[in-house]
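# Build the 3D model from these lines:
(3 chains)
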Amino acid sequence: MVVSLKENNVFRRLYYKGASAGNRLLVIYCRRNGLGYNRLGLTVSTKLGHAVVRNRMRRRLREIVRLHEGRLQNGYDVVIVARTAAVEAQFGALTRAFLTAADRVGILKP
RNA sequence: CGACCGGGACGGACAGCCGCGUGGCUGCGCCGAAAGGCGCUUUCAUGAGGAAAGUCCGGGCUCCACAGGGCAAGAAUAACGGGUAACGCCCGCCGAAGGCGACUUCAGGAAAAGUGCAACAGAGAUAUACCGCCGCCGAUUUUCGGCGGCAAGGGUGGAAAGGCGAGGUAAGAGCUCACCCGCCGCAUGGGAACAUCGCGGCGCUGUAAACUCUAUUCGGAGCAACACCGUGGAGGAGAAUAAGGUCUGCCCGACCUCUCCGGGGAGGUGGCUGGAACGCAUCGGCAACGGUGCGUCUAGAUAGAUGGCUGUCGAUUACAGAACCCGGCUUACAGUCCCGAUCGUGAA
RNA sequence: CGGGGUGUGGCGAAGUUUGGUAUCGCGCUUGGUUCGGGACCAAGAGGCCUCGGGUUCAAAUCCCGACACUCCGA
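Below is the predicted model of the structure:
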């Protein structure tokens, strides 16, 4: 079960206190929330491009999380920040970047 | 066939699997006395643009202000006629500029109501006389000086007092005349701007995207508007002076717990999509556009729905994402198709 | 959604109101001074004034459109 994150203070708490791991394409912040399900937030800033580019970035990130939902542990707040290089990246490269970062931050099931 | 001009349409298509928003239907669960509401689920329907963009104009809608009229201030617009709910938009037409042409572009009112500005150059910039031309006088007579007349020629400048020819003169000059140009008035044509090898008068620098004048228009703010519901906490009134809790072990005191009022922050619901709508036919109009008939319903999200994989065609895919809704303007754009017109070349 | 500001040599600014000559400081180059360097003195280079149009005889300046950066209010 995945619910979207909305409040700005939750994002700020994750940036400040959450565990993070990143690479050239994206950065993942995560923290235990004690709710029994995961909450997902996406950060796609205006630096990446205009509205069409940003919308497409969000959709691809959401699709990656949906396809690998079964491999994630439950009970975490997760924020994915897209970096500039991700705009030109292929879907497969983006998937590999997500999985390696998620593994390093420790939210993949063993 | 080539070049160019104007107008219009499209802007990936089809199939399969998984996933998302909205609406309907089926079933299940929970809450409720019921009406009904909420969640999940089956299946069906539907789901971004020609600019959705920039936010440059005009309106609808909502709230606030004034509820009658005028003036001033400020802002916007500017030939003329029409279209429109309205516009700074569109169509037609006039004038000017550009193009061989189809056609394109123009903030295109008033400088004779007034004020300002026009650097440098140049003798002189709204007025003049440096060189020059001519006459008279004088002298040391191929020349120079003085007095007077002139504004044709030279030079400067973006601009030098209408242009050109003839007459005229000492030399000249709209001084006079013919033709042309411009402005004003009348006449004729046109619905009007305006036009005219018609008549008369006049000859005036440019700049109003300098101030200004004239005419017309304009109250302000915006869907985070606005309306409704509104946990807790804070405020006011009441009930009770009983019981309990906290400060504090006890007394006093204060606060909370009960009921009503109340403005309303967080949050939620409405506003939210059927409209100056779209398509086709027909009638009126040069056209913009309008009338009539028939048909269609076509996103409504709220951290914000369209993505991933595979196959075929086509190609390497442009610019680009609704956020209250319409009418325009401006800007960005790979490529494809259709219609009409012009110029050139060749053939019949 | 609404409103404002800025863009000028390599860097930071003035000049825009009232149109004609682009100026100042730091930096740069050359020369002098010093045994050498710094400081100081003298000379010099470097600008289509963000971009595209328009008005004007003439535009950094006035007008229109675009781009980039930035600030404010709900």
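
# mind listing the helices in chain A by residue range?
Counting by DSSP state H, one finds helices in chain A at the ranges A:8-17, A:51-67, A:91-105.

# could I get the ones you listed as CSV with distance to A:Tyr29?
(Glycine included, C-beta is placed from N, CA and C.) Putting those into CSV (distance: least, C-beta to C-beta, whole Å) gives the following:
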stretch, distance to A:Tyr29
helix A:8-17, 4
helix A:51-67, 14
helix A:91-105, 8
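
# per-stretch mean pLDDT over those, give me the minimum one.
Out of the helices of chain A, helix A:8-17 stands lowest, with a mean of 72 (criterion: mean pLDDT).

# For chain A, which residues are neighbours of RNA strand B?
Counting by C-beta under 7 Å from any atom of the strand, chain A comes close to RNA strand B at A:4-6, A:8, A:11, A:41-42, A:50-52, A:55-56, A:58-60, A:62-63, A:66, A:90-92.

# Packed most tightly, which of the helices of chain A would that be?
Among the helices of chain A, judged by mean count of other C-beta atoms under 10 Å, the one packed with the most neighbours on average is helix A:91-105 (a mean of 16).

# and A:Lys109, what does it touch?
Taking C-beta atoms under 8 Å, 6 or more residues apart in numbering as the definition of contact, the neighbours of A:Lys109 are A:71-73.

# out of those residues, who's nearest A:Arg31?
Closest approach to A:Arg31 among the contacts of A:Lys109 (C-beta to C-beta): A:Gln73, at 12.5 Å.

# contacting residues around the closest one?
Neighbouring residues of A:Gln73 by C-beta under 8 Å, 6+ apart: A:107-109.

# mind redoing it with 6 Å?
By C-beta atoms under 6 Å, 6 or more residues apart in numbering, the residues touching A:Gln73 are A:107, A:109.
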